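> return atomic coordinates for the entry below.
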Amino acid sequence: MMAVRSCLGVKFGVSGLLSQLTSSTRHHGSRPCVSPILTPQHRNTSSSSTSSKVKVDLDQNTGVAVMHMQSPPVNSLSLDFITELCISLEKLEMDKGCRGLIITSSQPKVFSAGLDILEMYGKSPERCGEFWKSVQELWLKLYSSNMVTIAAVNGSSPAGGCLMALTCDYRIMADNPAYSIGLNETQLGIVAPFWFKDTLMNTIGLRNSEMALQLGLLYKPQDALKVGLVDQVVPEDQVLPAAVKSVNKWLAVPEHARQITKSMMRKSTIDRLTSNREADIQNFVSFITRESIQKSLRGYMELLKQKKA
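Numbering: from 1, shown residues only. Model prediction:
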C-alpha cells in the first residue's frame, strides 16, 4: 500500500460508475458520475503537455495518448503526484480527440512503487484524509474511464502501482525477472481496502486473490501472466510498441458498445466505493494515525536509512 521515495530494488513497494450510461455525456459516450475533487479542466488541444511529474503525448491522428509518469526516483504516489495524474486524466477525458490512453513510466526499472509513506507518517488526520480522498479519486477516474486504457508496465509495480495497472483494460509487462507486481500490503501488517480487493478479485478470481492478498505476494512477470494479473509479457524494449498495437485492437471495436459493456462489468465495484467514500476515508484515517501504526512506519523508515548507509 505504501512506498518511499528511494529505490529498493524489487522491495521498494510496501503494503500498500460506471452507472448505466446516464445524462452526463461525452463525445463518445456518457461519462460516469464521479464525485470530483478537482476543478474541471479545459480541453487540452496540444499534442503534448508536461507537468513536473506527468508528461502526456497525444497523437492527434490516432487519438491515442501516452502518459509518462516521471516522479523520481520511483513514481511514489504522493498527494502532489496523484493530483497531477488526476488533472491529466481529466483533460484527456474531456478531449474529443483522445480515445485511448497508454500509461507507462519514465523512471528506470519501476512503473510505480505505490503510495508514498511520507504522506502517512507524522501527518494530521485532515491531511491523511485529503491524501486518501485523492487515492480514491485516481482509482475512480481510471476504473471508470470511457477511454481504452492500457498499462505498459515497464518495471516493478507493487501495491498502489499494481492497483493503477489493475484499473486499466489491459496490462502488458516487461519480461524481466527482476521486476515484480502485486498487492503486498499484508507484508507490513496492513489490510488492503475493500476496493483494492474487489479490483484484484475482478481480475484474477476469488481463490488467487485470497492467496495473493493474505500472503502479500509479489509476482514475477511470467507468474503474473499465469494467474492473469497481467495479460501479456513481452521483451523489455517491446512494451510500448505492444501497448500501441493492443490499444488499436481495442479501438477497432464500436465505441458505444464497448463503453456500455465496460459500464456493465464495472458498475457494481465502482458503486460500492462511491456509496462508501466518506466511511472509507474515516477508516483509513483512524487506522493510519494509530500510534502503533505510526511506530511501525517510523521503524520501517529507520530501517531504510540503515540500508542506505
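> quick one: end-to-end distance for stretch 181-189.
Terminal residues of stretch 181-189 lie 18 Å apart, using CA to CA, to the nearest Å.
> please renumber so the chain begins at 560
Sounds good: first residue 560 from here, last item stretch 740-748.
> other residues contacting it?
Contacting residues not belonging to stretch 740-748 are listed as 560-561, 572-575, 670, 712, 715-718, 720-722, 724, 732, 750-751, 755, 759, 771-778, 780, 783, 788-789, 855, 859 [CB atoms under 8 Å, 6 or more residues apart in numbering]. For glycine as for every other residue, the C-beta is placed from the backbone atoms N, C-alpha and C.
> and the helix or strand hosting Glu652, C-alpha only, in CSV?
Taking DSSP states H and E as the definition, Glu652 sits inside helix 638-653. Presented in CSV, the C-alpha positions along helix 638-653 are these (Å, rounded to 0.1, in the frame of the first residue of the first chain):
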residue,chain,number,x,y,z
LEU,A,638,-0.6,13.8,-3.0
ASP,A,639,1.0,16.2,-5.4
PHE,A,640,1.7,13.5,-7.9
ILE,A,641,-1.8,12.0,-7.6
THR,A,642,-3.3,15.4,-8.2
GLU,A,643,-1.2,15.9,-11.3
LEU,A,644,-2.3,12.5,-12.6
CYS,A,645,-5.9,13.3,-11.9
ILE,A,646,-5.7,16.6,-13.7
SER,A,647,-4.0,15.0,-16.7
LEU,A,648,-6.7,12.3,-16.8
GLU,A,649,-9.5,14.9,-16.6
LYS,A,650,-8.0,16.8,-19.5
LEU,A,651,-7.8,13.7,-21.7
GLU,A,652,-11.3,12.6,-20.8
MET,A,653,-12.6,15.9,-21.9
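> and the angle from the helix or strand just after it to helix 638-653?
With elements assigned by DSSP H and E, the helix or strand that comes after helix 638-653 is strand 659-664. Strand 659-664 and helix 638-653 are oriented at 160 degrees to each other (axes from the mean of the first three to the mean of the last three CA atoms, to 10 degrees).
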